[in-house]
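A.B. asks: build the 3D model from these lines:
(one chain, ligands or ions: 1)
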Amino acid sequence: MIQVICSREDYLYNAYHIVKAFYPHKEISSFVEEKASNYVLVRFEDGQEVEVSAQAEESGEAFCCPKKDKKTEEAERMLKKQLDKKLYRILSERTNKTLSWGILTGVRPTKIAMKKLCEGMRKEAFLDWSAEEALVSRKKAALAWEVAERERGLLEQLDMENGYSLYVGIPFCPSVCTYCSFSSGALSDWEHRVEDYITALCRELEALSRMSKGRHLNTIYIGGGTPTTLSAEQLKRVLSCIDAYFSREKLLEYTVEAGRPDSITRGKLEVLKEHGVTRISINPQSMQQKTLDTIGRRHTVEEVCDAFYLARKCGFDNINMDLIAGLPGEKALDMEDTLKQIRELGPDSLTVHSLAVKRAAKLSKEEAVSEDIGEMILAASETARQMGLVPYYLYRQKNIAGNFENVGYAKVDKAGIYNILIMEEVQTIIAVGAGASTKIVLKAPVDAPGGKRKKKTNLIRLENVKAIDAYISRVDEMIDRKGEWLWH
Ligand code: SF4
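C.D. replies: Residues are numbered from 1 along each chain as shown. Predicted structure coming up:
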C-alpha cells in the first residue's frame with residue numbers, strides 16, 4: 001500500500017487524488033502527521049519516500065489564525081498549489097506519465113473555464129493559464145473552454161431569478177449492473193413497496209410545489225434507477241402527479257431516463273409522450289453482447305436497437321444514448337464497433353462516460369482500468385463530431401478510470417440543459433425520492449452548514465435518505481428539511 005502523509009488535513013485531499021491518478025491500481029492510505037513545515041510525503045510499498053515541501057510567504061502563525069483575512073486565504077491557496085505542482089512533477093518523472101487534467105482534482109473543470117470566460121479571458125490566454133497554473137494539457141483546456149462557451153449560451157435561456165428545476169428519483173432497476181454506483185434496487189426485491197413509494201413521492205411533489213408557488217419550473221428530469229422499470233400505469237401515476245402540481249408554462253425540457261432497453265415498451269413510451277416528455281435516454285453502455293453479459297445488464301444488443309426504433313416510431317425526436325469507456329474486457333476495437341452501431345442508430349445526443357468504480361460496485365479496480373481507455377474516448381469524440389454532435393457538458397468523477405472525464409455531446413438544439421445545471425450549480429434543483437440530492441442556490445452566502453472551518457456558501461445540498469423503506473416512512477422529514485432552506 002502507498003501511504004500519503006501530510007502535515008495538514010487540508011493538504012490530504014489533493015495529494016491523495018494526485019497520487020491515485022498516477023497509481024490507479026494501487027491501494028493508497030492517507031493521514032496527517034503534524035510537523036512544523038508544510039509538506040506532503042509519499043511512502044511507496046518498497047519503503048522509498050518522496051517528500052515535497054513548500055515555503056510559506058508569511059509567518060507560520062498566520063495559518064493558525066482562526067480569523068483568516070483574504071490575504072491569508074490567498075497565501076494558503078498558493079501554498080497548496082505549490083505543493084500540488086511539485087508533487088505532480090516528481091510523480092510524473094517517476095512514472096514517466098503525464099495527466100491530461102494536470103493537478104485538477106475537482107469534478108467540474110468547466111466551472112473554472114466558465115469563471116474565466118465570464119471574467120473576460122480569451123481562449124488562448126485560458127489555455128496558457130491552465131498549462132501554467134494547473135498543468136492541464138492544451139487539448140483538455142480547449143475542451144473545457146468549448147463546453148463552457150456552449151453552456152453559457154444554453155443557460156441564457158433560463159430564468160435565473162425565479163426559475164428552478166425538478167429531479168424525480170425512481171430507485172428501481174430490472175437488475176443491478178455490476179459497475180453501478182447508484183443506490184438503486186432490483187425491482188424483484190421491491191415490487192411490494194412500489195405503490196407506497198409512489199404515494200410518498202407524490203406527497204413530496206405536492207408539498208414542494210406548494211412551497212414553490214410563483215416560481216418558474218424550467219426543467220424536469222426523472223432519473224434513478226430506471227424510471228421505466230415502473231409499469232405503464234405506475235408511470236402514469238407519477239407523471240399525472242407532476243402534471244397536477246407543476247406548471248409547464250416556462251418548461252424548456254422534460255427528460256425521462258428510459259435507461260435500460262429491457263424496461264421499455266410501447267405502452268410506456270406512449271404514456272411518456274402523452275404527458276409531454278421531450279427527451280429520453282436509452283442507454284446501451286456498450287453494443288458488445290459479451291460485455292453486456294459480463295456487467296449484468298441482462299439485455300441484448302438487439303433489444304437496444306428495437307427500443308430505439310420503437311421510441312422513434314412513438315415520436316421521440318430527442319434521444320440520448322450513454323456509453324461507458326473502459327468496461328471490463330473491452331479493447332479499443334470493441335469501442336470502435338460499438339460506435340459504428342451507434343452511428344447507424346443516430347441518436348440526438350451521446351454521453352460518453354469513463355468507468356468510475358465506487359465502493360458500492362462489485363467490480364474490482366484492477367478489472368476496471370483498461371489500457372485502451374484514452375483511445376476509446378478519442379474515438380468516441382471523433383465519432384460524435386462526425387455525427388454532428390458537439391460537446392456541451394463535461395464532468396469528472398472520483399476514482400474515474402485513467403483520470404479521464406465524462407462528456408455529453410449533442411446536436412446543437414438537443415442538449416440536455418438539466419445536465420449543465422447539475423454541473424454549474426447556478427439554479428436551484430429540487431429533488432424528490434429516495435437518495436435524491438437537492439441543491440438550493442441562495443441569493444446571499446451563509447455560513448456553510450456542518451463544516452469544521454467557517455466557510456461561506458450560497459449552495460445548500462440536502463440529501464434524502466437512500467433506503468427505500470426509510471424514505472417512505474420519513475418523507476415528511478425530507479419535506480421539512482427542504483422547507484427550512486427553500487426560497488430564502
Ligand atoms: S440500470 Fe443504471 S441505475 Fe440501474 S443498476 Fe444499471 S447502472 Fe445502476
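A.B. asks: just list whatever residues bridge to residue 39.
C.D. replies: residue 53 (DSSP bridges).
A.B. asks: so it sits against residue 49, correct?
C.D. replies: No - assessed by C-beta atoms under 8 Å, residue 39 is found out of contact with residue 49, at 11.1 Å. (C-beta placed from N, C-alpha, C; glycine too.)
A.B. asks: interface residues of the stretch 51-200 of the chain facing the ligand?
C.D. replies: Residues of the stretch 51-200 of the chain found near the ligand (C-beta under 6 Å from any ligand atom) are 173, 176-177, 180, 182, 184.
A.B. asks: quick one: which of these has the most company?
C.D. replies: When neighbours are taken as other C-beta atoms under 10 Å, the top entry among these is residue 173 (26 neighbours).
A.B. asks: show me what that residue is bridged to.
C.D. replies: residue 186.
A.B. asks: quick check: buried residues in the biggest strand by length in the chain?
C.D. replies: Longest strand in the chain, counting residues (DSSP state E): strand 437-447. Neighbour counts over strand 437-447 (16 or more other C-beta atoms under 10 Å) mark 438-440 as buried.
A.B. asks: residues near residue 395, how many?
C.D. replies: Residue 395: 20 neighbours (other C-beta under 10 Å).
A.B. asks: longest helix in the protein, by residue count?
C.D. replies: helix 70-95 (DSSP state H).
A.B. asks: which SSE is immediately downstream of it?
C.D. replies: Next helix or strand after helix 70-95 toward the C-terminus (DSSP states H and E): helix 109-118.
A.B. asks: can you point out the buried residues in that next one?
C.D. replies: Going by 16+ other C-beta under 10 Å, helix 109-118 has these buried residues: 109-114, 116-117.
A.B. asks: element containing residue 378, please.
C.D. replies: helix 373-386.
A.B. asks: just give me the residue closest to the centre of the protein.
C.D. replies: Centroid check for the chain by C-alpha atoms, centre = their mean gives residue 395 as the closest residue, at 5.9 Å.
A.B. asks: so what does that residue have for phi and psi?
C.D. replies: phi -150, psi 160 (degrees, to the nearest 10).
A.B. asks: list the contacts for it?
C.D. replies: 107-108, 110, 405-406, 423 (C-beta atoms under 8 Å, 6 or more residues apart in numbering).
A.B. asks: how close does it get to residue 425?
C.D. replies: 11 Å (C-beta to C-beta, to the nearest Å).
A.B. asks: do the same with residue 189
C.D. replies: Distance from residue 189 to residue 425, by C-beta to C-beta: 34 Å.
A.B. asks: again with residue 302
C.D. replies: From residue 302 to residue 425 the distance is 40 Å (C-beta to C-beta).
A.B. asks: domain parsing for the chain?
C.D. replies: Domain ranges of the chain: 2-97, 157-429, per automatic domain parsing.
A.B. asks: quick check: mean pLDDT of the longest one?
C.D. replies: I take that to be domain 157-429. The average pLDDT within domain 157-429 is 91.
A.B. asks: what's the span of it from first residue to last?
C.D. replies: Across domain 157-429, the terminal residues are separated by 16 Å (C-alpha to C-alpha, to the nearest Å).
A.B. asks: for the shortest one, same thing?
C.D. replies: One end of domain 2-97 sits 18 Å from the other (C-alpha to C-alpha).
A.B. asks: I'd like the distance from it to the chain centre, please.
C.D. replies: 26 Å (C-alpha atoms, centre = their mean, to the nearest Å).
A.B. asks: and that domain, average pLDDT?
C.D. replies: For domain 2-97, the per-residue pLDDT averages 82.
A.B. asks: circling back: CSV please, covering the domains of the chain and showing distance to residue 469.
C.D. replies: CSV is the format used below for the domains of the chain (distance: least, C-beta to C-beta, whole Å):
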stretch, distance to residue 469
domain 2-97, 34
domain 157-429, 7
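A.B. asks: list the contacts of residue 290.
C.D. replies: Residue 290 touches residue 329, counting by C-beta under 8 Å, 6+ apart.
A.B. asks: and the contacts of residue 395, which of them are buried?
C.D. replies: Buried among the contacts of residue 395 by 16+ other C-beta under 10 Å: 108, 110, 405-406, 423.
A.B. asks: closest to the ligand out of these?
C.D. replies: residue 406 (13.7 Å; C-beta to the nearest ligand atom).
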